[in-house]
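Chemist: Compute the structure for the input listed below.
(one chain, ligands or ions: 1)
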Amino acid sequence: MKKKKSIYQSILKSITDKNRLLAILIDPDKFSIEHVEGFFKKVNQSIATHIFVGGSTVEPNATEILVSEIQNHTKLPVVLFPGDVTQITDKADALLFLSLISGRNPDYLIGKHVESVSKLRHTNLEVIPTGYMLIESGNETAVQRVTKTKPMPMNNTEQIIDTAIAGELLGMKLLYLEAGSGAINPILEDVISKTKKTLKIPLIVGGGIRHKKQLENAYNAGADIVVIGTAFEEDESFFEELKKNKETR
Ligand code: 1GP
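Modeler: Numbers count the residues shown, from 1 in each chain. So this is what the prediction gives:
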């Protein structure tokens, strides 16, 4: 059953209502279908509000099969966070239409987008233009390898802010500050707060968040949506700390 409500509008409403949003990132390459049911029992009891699905190197069709199974086990909106055009599937509810604005690789600024149109024509996906910014975080990340772009230095807040504003002026509806999957250092709070202050659009922050304290810090600094993947891949007991009744505030 498709959820009709606009996911972007509900994100805006949540922000107006001062609700904190948490997206669980699932990489189809690292997640088996058999695992979905048990994993989502925990997700559904947690403060998670969105499911993001995507990865840097995913087998064709793996995303579609996984998203269909996820839809059977949760009412949370399933949003594609694709590493490539092959990961676009109508089975999801929305698509982050990512432009890697921290980099200068034309494939990830416009090329992949053009390539995806023949697929998007045949879907009902809600497409959400998203400025995606990779920030240096201590180790080389998969995004960097796959896209062959350099991350922006974490200490160059001026460049980060100018890039984020340029993204907003280009019409992006969301801005994602990415430290990279499994990053050693998450995005600094100072960078989050300065970016948030200059933007009108919602701010997503992800990469390297493994503890509840880091999650709270990201929210307190101004993140509207926090994305966590690796921490749950490594240790599902993290969900215990994120049960609905233990909500961080
Ligand atoms: C990666 O920002 C996401 O694209 C989440 O990162 O896997 O480190 O939580 P982690």
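Chemist: CA only for contacts and neighbour counts going forward, please
Modeler: Noted.
Chemist: And stretch 12-24, end to end?
Modeler: Its first and final residues considered, stretch 12-24 spans 19 Å by C-alpha to C-alpha, to the nearest Å.
Chemist: for stretch 93-111, that is, sorry about that
Modeler: Its first and final residues considered, stretch 93-111 spans 23 Å by C-alpha to C-alpha.
Chemist: now do stretch 235-244
Modeler: Across stretch 235-244, first to last residue, C-alpha to C-alpha, it's 18 Å.
Chemist: all strands of the chain, in order?
Modeler: Secondary structure of the chain (DSSP state E): strands located at 21-26, 50-53, 78-80, 94-100, 126-134, 174-178, 203-206, 225-228.
Chemist: what is the orientation angle of the top helix by length along the chain with strand 174-178?
Modeler: In the chain, assigned by DSSP state H, the helix with the most residues is helix 157-169. Orientation check (axes from the mean of the first three to the mean of the last three C-alpha atoms, to 10 degrees): helix 157-169 against strand 174-178 gives 150 degrees.
Chemist: Flag every buried residue along helix 157-169.
Modeler: 157, 160-161, 163-165, 167-168 (16 or more other C-alpha atoms under 10 Å).
Chemist: what does the protein have sitting close to the ligand?
Modeler: Neighbours of the ligand within the chain, by C-alpha under 6 Å from any ligand atom: 178, 180-183, 206-209, 227-231.
Chemist: For stretch 218-232, which outside residues touch it?
Modeler: Under the contact criterion C-alpha atoms under 8 Å, 6 or more residues apart in numbering, stretch 218-232 has outside partners 15, 20-27, 181-182, 189-190, 192-193, 196, 202-210, 215, 238-239.
Chemist: Do me a favour and get the end-to-end distance for that stretch?
Modeler: Terminal-residue distance, stretch 218-232 (C-alpha to C-alpha): 17 Å.
Chemist: so where is this structure shaky, pLDDT-wise?
Modeler: For the chain, the stretches with pLDDT under 70 are 1-4, 246-249.
Chemist: Just the residues of the chain next to the ligand: which are in helices?
Modeler: Short answer: these in helices (DSSP H) are 230-231.
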